[in-house]
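Novice: sequence and predicted structure, then a few things I'm wondering about:
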Amino acid sequence: MSAPTLPIEQAPSTASDRSAFAIEFENVSIAFDDKKVLEDVSFRLPHGETKALFGVAGSGKSILLKIALGLIRPDSGRILVLGEEITSMSEQALFELRGRVGIVFQESALFDSLKVWENVAFRLMEEHIAQDEIERRVREALRFVELERTYDMLPSELSGGMRRRVAIARAIITQPEVLLYDSPTGGLDPVTSNTIVELIMKQRDVYKTSALMVTHRLQDAFTMATHEFDPDTNQMVSLPKGKLCRVPMSFLILRDCKVIFDGDGQQLASSRDEYIREYIS
Amino acid sequence: MALELELASPIEVAKDFALSVQQYTLLSAQSLGNFFRRPLYTGDMLQQADLIGVGSLPIVLLTGLSVGAILALNTASTLQRFGGITLIGQLVSFGMVTELGPLITGLMVAGRNASGMASELGSMIVTEQIDAMRALGTDPSKKLVTPRVGATVFMLFFLTIIADLLGLVGGWAVARFLFGLDSNQYWTTAWQSLVFRDVFMGLSKPVLFGFIISTVGCYYGMSTKGGTQGVGRSTTQAVVASSVLILIVDFFVTKLIYALLGVR
């Protein structure tokens, strides 16, 4: 990956004065047509930490992210995002809170009738920010994902990996306090996946943004746990064996609608659970 | 291989119907309420007005002209038998302004735009674009539904006036060139026969029809489920439901206005 310039001038404040956690799930359950998807799911994402969320297909990973953003209401349980309980919040209040949270959808979910710059600038345009300022920030965000040349293109003209990178640019343009990634490398070739992982790592290490990353690719999470982004070379570098990443990284595994593991890399590696051992092998 | 058919119970069907009515009512009420809440997406409304109004103009011109001509042709033979061919202008203007103008324009715009709205919003639903919009802090009801409702109501009103006028022109062409009626006589009877009640009825219907077309189109679009097949289903349902609803509402509005103005 070539060295990109580091764009967005200041890191967001990562510590909320109201809560020590960016996201908290307490006994969250949801079912669709009597089919349980999540049952009594509880976990916490501390500020600045990146949590990789695993589970087989259909285990409710994407639903969990949508619940965390208030796009779907759970049947029961309590969810706190940046210290605010969202389960009882009105949709109007949620719109304001979502301004502090960014999300990258599984299939990018770019607005196909808008150009790349309009997609990235969507939130800024809604806030009626001056056109000059919008252009500057869009170019910075696109430079961050190394796609400045796509500024005037339509999403249909981009490859799957490029669309994913534009989606990342759209999510980070307002410097959110929390980022949610829904299978950011799903369906991509290994080289493009690596580029995406590097971008996520860059966001994590440079801006210390809390993140919840859904994935079914174990190697992505392990790469993130064993590498660090070096701002001097603008590349990710492998950490010496035994050395932990400066930004906390944890893992959460879902199985049969429940959380069966929540801990760091070392705990995961030393787990004696048969399913987990099979999953990570 | 045995074909297994799963029949839904009548209670489930009734529940689903009640839920759909509730959701449609909520969406309609929200779309109206959004006119009084900021931000008001005037740019999007103008864009929709162009798509709906200017885009529908050719079909409205053609159908208005044809319907007026057909109306004149069908009534002329009967009127001629009783020696009342001079009344043709009166019949065409009354028929076009009170009934056929709003109805035909409504049905044409429903076919063109309710389907367009359902397929556009349905595609946005299945590709998670609506979720993305909500995640970016924008209310899809304000950004997508209200501009379409405002634009359809506003443009259908003017499209109906144009259709009425073209219908009268079509009727005049038949009366003048096929039955040799004097142009002056045609336009005088057509103009003089219209009273406030007729014009009021003819101009209140497109407002209601525009509201029906846009809210039904948006409702089916926003409630799309099941991928691209679901988008196709929503599109068909939007056209069928809005057309049927227009015809039903047309009957009741006609009856109501007559009752209010003490005609029948």
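Specialist: Cool, got the structure.
Novice: quick check: closest non-adjacent residue to A:Thr226.
Specialist: Spatially, and ignoring its direct neighbours in sequence, A:Thr226 is nearest to A:Leu239 (5.6 Å; CB to CB, 6 or more residues apart in numbering or on different chains). For every residue, glycine as well, the C-beta is placed using N, CA and C.
Novice: what is the burial count for that neighbour?
Specialist: Residues near A:Leu239, counting by other CB atoms under 10 Å in any protein chain shown, number 14.
Novice: could you check the pLDDT of it?
Specialist: Per-residue pLDDT puts A:Leu239 at 83.
Novice: contact partners for it?
Specialist: A:226-228, A:245 (CB atoms under 8 Å, 6 or more residues apart in numbering or on different chains).
Novice: format those residues as CSV; extra columns: neighbour count, pLDDT and secondary structure.
Specialist: Shown next, in CSV, are the contacts of A:Leu239 (neighbours: other CB atoms under 10 Å in any protein chain shown; pLDDT from 0 to 100; DSSP: H, G, I helix; E, B strand; the rest coil):
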residue, neighbour count, pLDDT, secondary structure
A:Thr226, 17, 85, helix
A:His227, 18, 87, strand
A:Glu228, 19, 87, strand
A:Cys245, 19, 73, coil
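Novice: which one among those residues gets closest to B:Thr75?
Specialist: Lowest distance from B:Thr75 to the contacts of A:Leu239 (CB to CB) belongs to A:His227, with 83.0 Å.
Novice: ok, the nearest residue to the closest one once chain neighbours are set aside to A:Glu148 distance?
Specialist: Take A:His227 and drop its neighbours on the chain: the residue closest to it by CB to CB, 6+ apart is A:Met236, 4.5 Å away. Counting by CB to CB, to the nearest Å, the gap from A:Met236 to A:Glu148 is 21 Å.
Novice: do the same with B:Leu32
Specialist: Applying CB to CB to B:Leu32 and A:Glu148 gives a distance of 43 Å.
Novice: tell me the residues of the stretch 1-150 of chain A that contact chain B?
Specialist: A:66, A:69, A:71, A:91-92, A:95-96, A:98-99, A:101, A:103, A:105-107, A:109-112, A:122-123, A:126 (CB under 8 Å from any CB of the partner chain).
Novice: one step back: what's the spacing between the residue nearest to A:Thr226 and A:Gln219?
Specialist: Distance from A:Leu239 to A:Gln219, by CB to CB: 16 Å.
Novice: for the nearest residue to A:Pro248 once chain neighbours are set aside, give me its contacts.
Specialist: Distances taken as CB to CB, 6+ apart place A:Glu49 nearest to A:Pro248, at 4.2 Å, with adjacent residues excluded. Counting by CB under 8 Å, 6+ apart, A:Glu49 makes contact with A:22, A:210-211, A:247-250.
Novice: what's the span of stretch B:124-138, first residue to last?
Specialist: Chord length of stretch B:124-138, first to last residue, is 14 Å (CA to CA, to the nearest Å).
Novice: before we move on, back to that, filter the contacts of A:Glu49 down to the ones in strands?
Specialist: A:22, A:210-211, A:249-250 (DSSP state E).
Novice: appreciated, that's everything.
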